[in-house]
Each structure stands twice: as C-alpha cells, then as structure tokens.
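**Student:** Please find the sequence and the predicted model below.
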Amino acid sequence: MKRKKYVKSKYTLSNIILIIVLLIFFMPALWIVLTSMRPNIEINARPPVWMPQDLSFSSYAALLGYVESAGEFGFGHSVPFMDYARNSIIASVASTFLALFIGTLAAFIFSSFKFKGKDSIFLSFMLARAVPGIALSLPLLILFTRVGFSDKIYGLIIAYTAMNIPFTVWLMTGFFGEIPKELNDAAFIDGCSRWGAFLKVNLPLILPGIGASGIFAFLTSWNEFAIASVITRTTASKTFPVGLFDFTGEFVSDWRGMCAMSVIMLIPAIIFVILVQRNLVKGLTLGAVKG
C-alpha cells in the first residue's frame, strides 16, 4: 500500500515538474501572441503592462491586406506579407524535398556500397555541416552574383539544399545501417535488383528517418536568416525572417506588427510538423510489418 502511494506521489510530482518546464518554454511564445494583439501604448509602456487590457486582430488584418497597413504599422509603406509567404513556402518545401531525395540516395550508397575514399567523403559531409551559415553568406553572395543566382528564389533553394544534405545523409545512413542484411538478401533471392530492394524493402523501413530529416530540413530552411539576409535584396526573393526587418525604422520599431508576422510564421511550421509526425507513426508500423 505504501509503495503504491509512493509510486503515485512520484508520478504526480513528475507531472507537475513537466508542466512547469513546459510553461517556462511556452511563455515566450505566449508573450509574442499577446504582443501581436496589444495596442502600441501597452507594448511600449514603462513599467511593462503584464496583463493586456485591450486586444484586437487589426495587426493581422493589416498583414493580410484587409486594412491599410501603412497606417496600422506607422510606416510610410506597406509590408509585402504575401510575397514573403510565397518565397518562404517555395524555398522551404523545394529545398526540403531536394535534400531528402539527394540525402537519402547518398545515404543508401554509403551504407550499401564499398568504394575508395568512402570514409573521407562521408567525413567531408559532416564537416561541411559544421560551418556556420554566417561564414558562408559572403562567399555565396560573391558566387551567386557572378552566376546570376543572387536575389533569386532558386538561389535560396540551392543554398538551403546544400545546407540540409549533410544532416540528412548522416541521419539516413544510421537508419539504413539498422536494416538487417538478411532482408536485402531475401529480396535479391526473390529477383529484386539493388534499387528494387531499395524501393520495396529499404524505403518503407526508413520512413521514420525521412520524417525526422524532413522536420529538421524544413524548419532549418523556414527559419534561416544569415544566408537569406545577404543574398536576397527585394521582395522577389525575401523570406519571412528577412521581411521582419520591414517593421524597423530609423527611430522606431513596430513590435506589434513584427510579432504578428512571427505568429503567422509559426502556423505552417506547426502544420508541417503535425503532418510529418503522423507519417512517422505510419512509417514505424509499416516497418514493423515489413520486418
């Protein structure tokens, strides 16, 4: 009886600690949401106003074009929100797809074939991921300017794809390494080629890895700022993180509009993660059946 009470008390305490930790991590996000709906007088008040008195969605309406954004945000120009949304979605989705496609095939080759310089090439992939984006921004700007990729959406796609491939290769190589060799041998006996075994046996089993790599690649591209801030110049290629600077002026910054765009930025990322998490569970189940 005492042991049951002890286990129950320990379980309750663990839940309380977990809730407190989650609240601590959730507070910044909640503060951004509240700031996006507060009037500017509350946002700039000193001392800070902790409990909002008046909330409205006018900043979101301004971003989406339902009201005059210049008057709402206090600047002499409107914020091209839809252009930034289009550029972010295209760059993130396209680079994620390309990184998964190239990285998965490269990981399959690393895990299935033996060739000269294999370890050196794999190590070079890992070292490439260790280089910070801010260190690559200036060389990329010079290179992209010379080849005509500067301020182009496909330039961002190329940069983000190259940035996400190393992690995808590393993670997917681990998933391929966990697949029993006997499964591939059985596929070869049944008449499958090497690539036939990849499509029919290996690919269903690595869906969890593809989902995890997709989450990482998408969020990395969606939130990337260092490279995009250097190689983008106009609304033809600017993404959300770079577009946030439209809310800063010489003497004033509109924190309300900036927070409103930040909240909208969270929505596609949350939807993408939810969809991929469902695919993760599906992939794990399918892999168990195949195994």
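**Tutor:** All right, it came through fine.

**Student:** Not counting residues beside it along the chain, what's closest to F198?
**Tutor:** Computed as C-beta to C-beta, 6 or more residues apart in numbering, the closest residue to F198 that is not its neighbour in sequence is F108, at 5.8 Å. Quick note: C-beta positions are derived from backbone N, CA and C, even for glycine.

**Student:** Can you list the buried residues in the host helix or strand of the one you found?
**Tutor:** Using DSSP states H and E, F108 sits in helix 81-112. In terms of neighbour count (16 or more other C-beta atoms under 10 Å), helix 81-112 has its buried residues at 81, 83-85, 87-88, 90-96, 98-100, 102-104, 106-112.

**Student:** Send me the next helix or strand after it as CSV with only the CA atoms.
**Tutor:** Per DSSP H and E, the first helix or strand lying C-terminal to helix 81-112 is helix 118-130. What follows is helix 118-130, C-alpha atoms only, in CSV (Å, rounded to 0.1, in the frame of the first residue of the first chain):
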residue,chain,number,x,y,z
LYS,A,118,34.1,6.4,-48.8
ASP,A,119,35.1,7.4,-45.2
SER,A,120,36.8,10.6,-46.3
ILE,A,121,33.8,11.7,-48.4
PHE,A,122,31.4,10.9,-45.6
LEU,A,123,33.6,12.9,-43.1
SER,A,124,33.6,15.8,-45.5
PHE,A,125,29.8,15.9,-45.5
MET,A,126,29.8,16.1,-41.7
LEU,A,127,32.5,18.8,-41.6
ALA,A,128,30.5,20.8,-44.1
ARG,A,129,27.6,20.9,-41.8
ALA,A,130,29.8,22.3,-39.0
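
**Student:** Now do helix 118-130 against helix 81-112, angle only.
**Tutor:** 160 degrees (axes from the mean of the first three to the mean of the last three C-alpha atoms, to 10 degrees).
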